[in-house]
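Visitor: below are the sequence and a predicted model for it; my questions follow.
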Amino acid sequence: MSQIKIPSADTLKALETVPGMLLILSPELTMLTASNLFLQETGFIRESLIGRHILSILENGSVFQPELGALDIKDALRKVIETGSSQIVDKYQFNMQDKGTPGGLIACFWTFTCSPVFYNSGQLSYIILSIKKLLQQPSGREDYDAKSFVASDLEENFLQANQKLITLNCSLKSELDFYKGKLEGMERKYHDVIENSPIAMQVFRGEDMTFEIVNPSMLSFLGKTEDIVGKPLFTGVPEIVGQPIVDVLFSVYRTGEPFEIYSEKVILERNGKVETGYYDVIYRALYDKEKVTGVLGIAIDVTPQVLAQQAIVESEARFRNMAENSDILISLVDEQGELEYVNASWAHMTGWTRENLKQLSWGDYVHPEEREQVTQKFLHGMQHKMPFVSEFRLLNKHGDYRWLRIKGTPRMDDVQSFSGFIFSGFDVSEEKQRMLEIEYINKALVFSNEQLLDANRKLAESEENLFSAFEAGELGSCSLDLKTGKAEMSERYRHLYGLPLHGDITWEMVIEAVESEFLAEVNLVMENAVRYGTSVDSTYAIRHLSSGERRWMRVVGKVYKDAQGINERVNAIVMDVTDQKEDELRKNDFIAMVSHELKTPLTSMNGYIQLLQLKTQKSGGDNIGSMLGKVQTQLKKMTTMINGFLSISRLESGKIHLVKNSFDISQMTRLLVEEYQMLISTHDFVGIPCEAIWVNADQDKIEHVINNLLSNAVKYSPKTSLIEINCTADEKEIILRVKDHGMGVHEQDIPKLFDRYYRVQSQQTSTIAGFGIGLYLCAEIIHRHGGRIWVESEVNVGSTFYFSIPLTGHH
């Protein structure tokens, strides 16, 4: 539907002042305005009429006594629009409010003349309804003649006004034609300016940004041809979709606000190749009668300037990044000698912040002995723009002088004009100090050489004494490389094992001499040395490789690490302990025999005491029953002690063997805690739950260890105190912990706690029975499993005993 054209505001103002009753209608029959005389006559207000349909205003009227073929107002207006000719409606009755009588009406009789007004193109512009007022309903001839005279006079005035209106229309048409021609000329100039501009320009129209004008410079910029004219933006330049510049363009169209953006990144497709450029872009809204109808776009290619600036920025950034991360002292001064920049190394070396460094009077901090020569070199370099090197001492924030070696190099800008100096240098204090040290060392070298000769003599004597001691003690020495398995052995070591006296010796050759029942123990000791760096102390039997004689050897050694902290080698000594070991075995056999012989009468005594207790309970002898209970308790202690001696005897004679099987140690621990909770009422036992942990170990002996730790916790902690037990595991081992809140152990006693027959001597422990064999047995059992046992303790706070067993299965 085409846009409605209405008369100008000046035309409507002129029609409002006509001395007659006029209504001005649009081609759609809505009110555009009314004359002042109509408003005075009817009492209407102009603003209440404008925009309303004419029939809604005249709804109180009708044709009075219509003659044959007479028109009503609706038919007349329809014919005006259809035929373009004037129409008359005669004797139209209109009922108006009577101002003197509230609610009363006055009947008026009008004649309408409906006249169309056209544009030069022939299109209907508006319709004039001129109203001729007739008499009110006739009441007498005289009255009718008088009023007819008034009506005729008004009609004459209207005709005169209508002639003036026609004259005004002609004048307006001439002005319209003049301005239209002028506008067309301006538009041609506007098009010529855009088309011939060396700057890329384009004009968009409509909400879809259709290309209306695109000059050659813009076509080149877009990489397009003239066929994009008449196409929407996204059709003509599809690669522009989604770029930020598009949002700005549509924003200018919506708001009318002008926009400039500089060095904007734009991606375009030119000749089938995607290219990235940078442009200054200007957008201006284009208006038609105060409504935005398009946008003028201007683009100026600044890609070379932007890329050059980026290169400069990147170069400066690279320089600053290099300077900031460099240990070299780097600084810049301008052509006036003012400090522009110092890097972090300057701040680190001097102890001042960069702001402090820029404000310092540097000459005051140069050592007085070098101050003048430093100043002269700097001024000479600035004057002649020549490089120079200076070496001087500079005072730092902490009051120390540091030796610096600084090189100054002239800086040149893009046009090779002098713009200052770049200084680079090093802190050479250590170098200076080294020179002094070298001088001192040179002076002391003769004295050091004399001392070295003396030390070599003493070392040779020490080696001779050590060799004599080894010979006297019949000791052998060995150094085993843990990485290669090769061993360097003394002649005595080789002789003890029956190994070849010459040639390389490997660990496998040594193992061949070890008796089979000790192989697992010896390999475990070596494995712990390799994995954990554990010191070596092992006694075992060998079969001499030459004579076949069974001998006992004790090997004691220490693990040494390499520079990376990896266990590298074991240095050890070996001694033949056959005589001592056989004496010890005889002693152990004697202890075993005596302990065994003692167990028989003790068992009999325990049986008799139980019978006596039964008889006493029946006879009611409470005192005797109490004494018998104490006797039985002592017998149990003696039995436990004898069992301990038997265990030690078997252990040291090699008669205790590990019977390993797979079991859940967490379940075993839980059952032991439940047993202690039932049997021991004096303490509170807490087993911290843990997941199932399966180990491959001797279940009876591990249970013996846990029992020993729990019973010790009971013995050495006060009644009603808490005893905790829990276990954890990682990928390598399981660790079990027993914690009490008892008397604790002094730090000096902890290293000896697992020695055989060792007991802590204190007033608190003097009343507690024991021979110091329980923890020794625990340690031996755990060690034979390849595990560890240790304690953490604090006096009067409590102790925590730990042991670990390697994990070989799943958990």
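Guide: Structure's in. What do you need?

Visitor: assign the closest residue to Tyr560 other than its chain neighbours to helix, strand or coil.
Guide: Here the nearest residue to Tyr560 in space, its sequence neighbours aside, is Arg569; by C-beta to C-beta, 6 or more residues apart in numbering that works out to 5.4 Å. Where you see a C-beta, it was placed from the backbone N, CA and C, and this is true even at glycine. With DSSP: H, G, I helix; E, B strand; the rest coil as the basis, the three-state label of Arg569 is strand.

Visitor: where does the stretch 401-550 of the chain have low pLDDT?
Guide: Where the stretch 401-550 of the chain drops to pLDDT under 70, the residues are 414-415, 448, 455, 458-474.

Visitor: quick one on the thing from earlier: distance of the residue nearest to Tyr560 relative to Ser479?
Guide: The spacing between Arg569 and Ser479, counted by C-beta to C-beta, to the nearest Å, is 6 Å.

Visitor: which one of the two has more residues nearby?
Guide: Arg569 (21 against 15; other C-beta atoms under 10 Å).

Visitor: residues in contact with the more buried one?
Guide: Ser479, Leu480, Asp481, Leu482, Val559, Tyr560 (C-beta atoms under 8 Å, 6 or more residues apart in numbering).

Visitor: mind pulling up the pLDDT for it?
Guide: With respect to pLDDT, Arg569 has a value of 88.

Visitor: beta partners for it?
Guide: Here Arg569 sits in beta bridges with Asp481, Tyr560, going by DSSP bridges.

Visitor: mind giving me the domain ranges of the chain?
Guide: In terms of domains, the chain is parsed into 9-175, 197-301, 308-427, 435-471, 473-574, 582-651, 658-806 (source: automatic domain parsing).

Visitor: if I average pLDDT within each of those domains, which one is lowest?
Guide: domain 582-651 (a mean of 63).

Visitor: in the stretch 301-450 of the chain, which spans are helices?
Guide: Counting by DSSP state H, counting those that start in this stretch, the segments of the stretch 301-450 of the chain that form helices are 303-324, 344-350, 354-359, 368-384, 429-472.

Visitor: how about Met218, secondary structure?
Guide: Look at Met218: counting by three-state DSSP, its state is helix.

Visitor: look up the closest residue to it, ignoring the ones flanking it.
Guide: Counting by C-beta to C-beta, 6+ apart, the nearest residue to Met218 once its immediate chain neighbours are dropped is Ala200, at 4.0 Å.

Visitor: which parts of stretch 560-570 are buried?
Guide: Burial within stretch 560-570, assessed by neighbour count using 16 or more other C-beta atoms under 10 Å, is assigned to Asn567, Arg569, Val570.

Visitor: now render the residues you listed as TSV, adding distance to Ser345.
Guide: Below are these laid out as TSV (distance: C-beta to C-beta, whole Å):
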residue	distance to Ser345
Asn567	41
Arg569	43
Val570	47
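
Visitor: quick check, nearest of those to Ser125?
Guide: For those, the closest approach to Ser125 (C-beta to C-beta) belongs to Asn567, at 109.7 Å.

Visitor: the closest one is in contact with Met526, isn't it?
Guide: No. Asn567 is beyond contact range of Met526, at 11.0 Å (criterion: C-beta atoms under 8 Å).

Visitor: what helix or strand is the residue lying closest to Glu491 once chain neighbours are set aside on?
Guide: When the adjacent residues along the chain are set aside, Glu491 lies closest to Leu501, with 6.1 Å between them (C-beta to C-beta, 6+ apart). Secondary structure assignment for Leu501, by DSSP states H and E: no helix or strand.

Visitor: which strand runs longest in this structure?
Guide: strand 273-288 (DSSP state E).

Visitor: buried stuff in that one?
Guide: For strand 273-288, by 16+ other C-beta under 10 Å, it's Gly277, Tyr278, Tyr279, Asp280, Val281, Ile282, Tyr283, Arg284, Ala285, Leu286.

Visitor: my read is that the third one contacts Gly297, right?
Guide: No. Distance between Tyr279 and Gly297: 10.5 Å, which falls outside the contact criterion (C-beta under 8 Å).

Visitor: contacts only, for Arg551.
Guide: Applying C-beta under 8 Å, 6+ apart, one finds that Arg551 lies in contact with Leu496, Ala541, Ile542, His544, Asp576, Thr578.

Visitor: show me what contacts the nearest residue to the second one once chain neighbours are set aside?
Guide: Of all residues not flanking Ala541 in the chain, Glu515 sits nearest, at 4.4 Å (C-beta to C-beta, 6+ apart). By C-beta under 8 Å, 6+ apart, the contact set of Glu515 is Tyr540, Ala541, Ile542, Arg543, Arg550.

Visitor: any chance of these in a markdown table, plus distance to Glu675 and secondary structure?
Guide: Listed next are these as a markdown table, based on distance: C-beta to C-beta, whole Å; DSSP: H, G, I helix; E, B strand; the rest coil:
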| residue | distance to Glu675 | secondary structure |
| --- | --- | --- |
| Tyr540 | 37 | strand |
| Ala541 | 39 | strand |
| Ile542 | 44 | strand |
| Arg543 | 45 | strand |
| Arg550 | 44 | strand |
